[in-house]
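1. Need coordinates for the below:
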Amino acid sequence: MLNYEEDLKGLRRDKDMFFRTDIDSPIPPEQRLSFRGLNYFPPDERFRVEAKLTRFDKPEPFCMATSTGESQTYLRYGKFEFGIQGTEMQLFLYKSAEDPFAMSLFVPFRDATSGVETYMSGRYLDLEEHGGDDYRLDFNNAYNPYCAYNLVYTCPIPPRENILPIKILAGEKSYK
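-> This next block holds a predicted model:
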């Protein structure tokens, strides 16, 4: 556990440095000098869960609403089924409609912390696809979309089917 926590804290420090100093940071330039870092829940192993991926035979296009009122098209690729806090859950996952052969899996979600402890529109998980059906969803890596820091960004809003009825007290908190 110690190496995992230290690795996670290192990734968070690197992200804070990127947000503070990089030209591609979503933090507005006039706020970067005063930027002190993002807010996170402490690492918690209970939010690293084993999940089973069910791929859909024919992924269908799915229009996801965005923070600017437009929509973006994804492929509704499959769903993860997992247990957390004694409850069976599922989250749908998406792939880029522009590059359906990409190995990146996109899991936008909201939970009972959304709008309270975490960003109101939800958070994201990204995973790399591999050949099997067994995955680990690590909610300690849940992150806010760029529109949480700067309204110039257009960000997908997690669909209703990806609202979890529990609190995911892991990952990134709201940006103040």
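2. which one's the longest strand in the chain?
-> Counting by DSSP state E, the longest strand found in the chain is strand 48-65.
3. SS state for Asn140?
-> Following DSSP: H, G, I helix; E, B strand; the rest coil, we place Asn140 in the helix state.
4. what sits against Phe62?
-> For Phe62, the contacting residues are Thr73, Tyr74, Leu75, Arg76, Tyr94, Pro159, by CB atoms under 8 Å, 6 or more residues apart in numbering. For glycine as for every other residue, the C-beta is placed from the backbone atoms N, C-alpha and C.
5. for Phe19, that is, sorry about that
-> Ser25, Pro26, Ile27, Arg32, Phe35, Gly37, Leu38, Tyr149.
6. 6 Å instead, please
-> Neighbour list for Phe19: Ser25, Ile27 [criterion: CB atoms under 6 Å, 6 or more residues apart in numbering].
7. Send me the one helix or strand it maps to as PDB with only the CA atoms.
-> Secondary structure assignment for Phe19, by DSSP states H and E: helix 2-21. Output of helix 2-21 as PDB, limited to C-alpha atoms (Å, rounded to 0.1, in the frame of the first residue of the first chain):
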ATOM      1  CA  LEU A   2       2.800   2.400   0.800                       C
ATOM      2  CA  ASN A   3       4.300   2.300  -2.700                       C
ATOM      3  CA  TYR A   4       0.800   2.800  -4.200                       C
ATOM      4  CA  GLU A   5       0.100   5.800  -2.000                       C
ATOM      5  CA  GLU A   6       3.600   7.300  -2.700                       C
ATOM      6  CA  ASP A   7       3.100   6.700  -6.500                       C
ATOM      7  CA  LEU A   8      -0.300   8.300  -6.400                       C
ATOM      8  CA  LYS A   9       1.000  11.300  -4.400                       C
ATOM      9  CA  GLY A  10       3.800  11.700  -7.000                       C
ATOM     10  CA  LEU A  11       1.300  11.700  -9.900                       C
ATOM     11  CA  ARG A  12      -0.700  14.400  -8.100                       C
ATOM     12  CA  ARG A  13       2.400  16.500  -7.500                       C
ATOM     13  CA  ASP A  14       3.300  16.200 -11.200                       C
ATOM     14  CA  LYS A  15      -0.200  17.300 -12.200                       C
ATOM     15  CA  ASP A  16      -0.100  20.300  -9.800                       C
ATOM     16  CA  MET A  17       3.200  21.300 -11.400                       C
ATOM     17  CA  PHE A  18       1.800  21.000 -14.900                       C
ATOM     18  CA  PHE A  19      -1.200  23.000 -13.900                       C
ATOM     19  CA  ARG A  20       1.000  25.700 -12.300                       C
ATOM     20  CA  THR A  21       3.600  26.000 -15.000                       C
END
